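A structural model of the following input is requested.
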Amino acid sequence: MKKEYLDFPFELKKEDVQENGFFKGYASTFNDEPDSYGDIVVPGAFSKTLEKGGRNGFGVAMLWQHNQQQPIGVWHSILEDKKGLQVEGQLAMKTQIGSEAYELMKMGAVKGLSFGYDVVDHDFSKDRKIRFLKGVDLWEISPVTFPANRSARIDSVKALLEGARTERELEAALRDAGLTKGQAFYIVKLCRPSLRDLRMDSTERMNKILQALRSINN
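Predicted coordinates:
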């Protein structure tokens, strides 16, 4: 299974981040609007993974921007409620990265949470445009510079991507979105058959591009 990500915005009030590094928020909300890939998390999706303590049974890590080399604290509480996946954690304030994360979260420069997971169980809508995540295996939950992650940034550049009809136009749009030249070239290579298929409508073409973008997140 491939590790995937879901990003959710959460607006921080001053009291949401305390001087000792304690903070709280939602790492996921249930039955919300589909994300950029058409995914919706349904109630109960986290129940089994929380029972066994995360993907490997050793707990769910708190990472900085999904970087496995940069743990920044611990999660004291992760539980499902009616709204979604509620989390309470504490930053490691005596570390440089923990104190820097605190400052950025306190001032609102970082105001998103994202979780890394494996899909365990899912279902599709009748038109197969929406994937309902019924069971996931949690790896980690990260504070992120929302919408800095590639998966969250898609919405802001969707118009550019939808307007791309040639390989050169698509590469330019991807570079404008912040991808490297190598990443953009890789996406264009994957999407080349879609661009050349004149029978494919804009929605189908966009889905192909989004699938390619998903692949470089894993």
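
so what's the residue count around residue 70?
For residue 70, the number of neighbouring residues by other C-beta atoms under 10 Å comes to 15. Heads up, the C-betas are built off the backbone N, CA and C, glycines and all.

kindly report the same for residue 66.
When neighbours are defined as other C-beta under 10 Å, residue 66 has 19 of them.

so what does it look like in phi/psi?
Main-chain dihedrals, residue 66, degrees, to the nearest 10: phi 70, psi 10.

isn't it right next to residue 143, touching?
No - taking contacts as C-beta atoms under 8 Å, residue 66 lies outside contact range of residue 143: 10.0 Å.

so who does residue 82 touch?
30, 43 (C-beta atoms under 8 Å, 6 or more residues apart in numbering).

that one - that's part of a helix, no?
No - going by DSSP: H, G, I helix; E, B strand; the rest coil, the assignment for residue 82 is coil, not a helix.

residue numbering should commence at 39 henceforth.
In the new count, where the first residue is 39, that last one comes out as residue 120.

domain assignment for this protein?
As recorded under automatic domain parsing, the domains making up the chain are 42-186, 189-253.

make a markdown table out of those domains and add mean pLDDT.
Converted to a markdown table, the domains of the chain look like this (pLDDT from 0 to 100):
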| stretch | mean pLDDT |
| --- | --- |
| domain 42-186 | 86 |
| domain 189-253 | 62 |
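
which helix runs longest in this protein?
Secondary structure assigned by DSSP state H gives helix 219-234 as the longest helix of the chain.

next one: residue 158 from residue 175, what distance?
Between residue 158 and residue 175 the computed distance is 5 Å (C-beta to C-beta, to the nearest Å).
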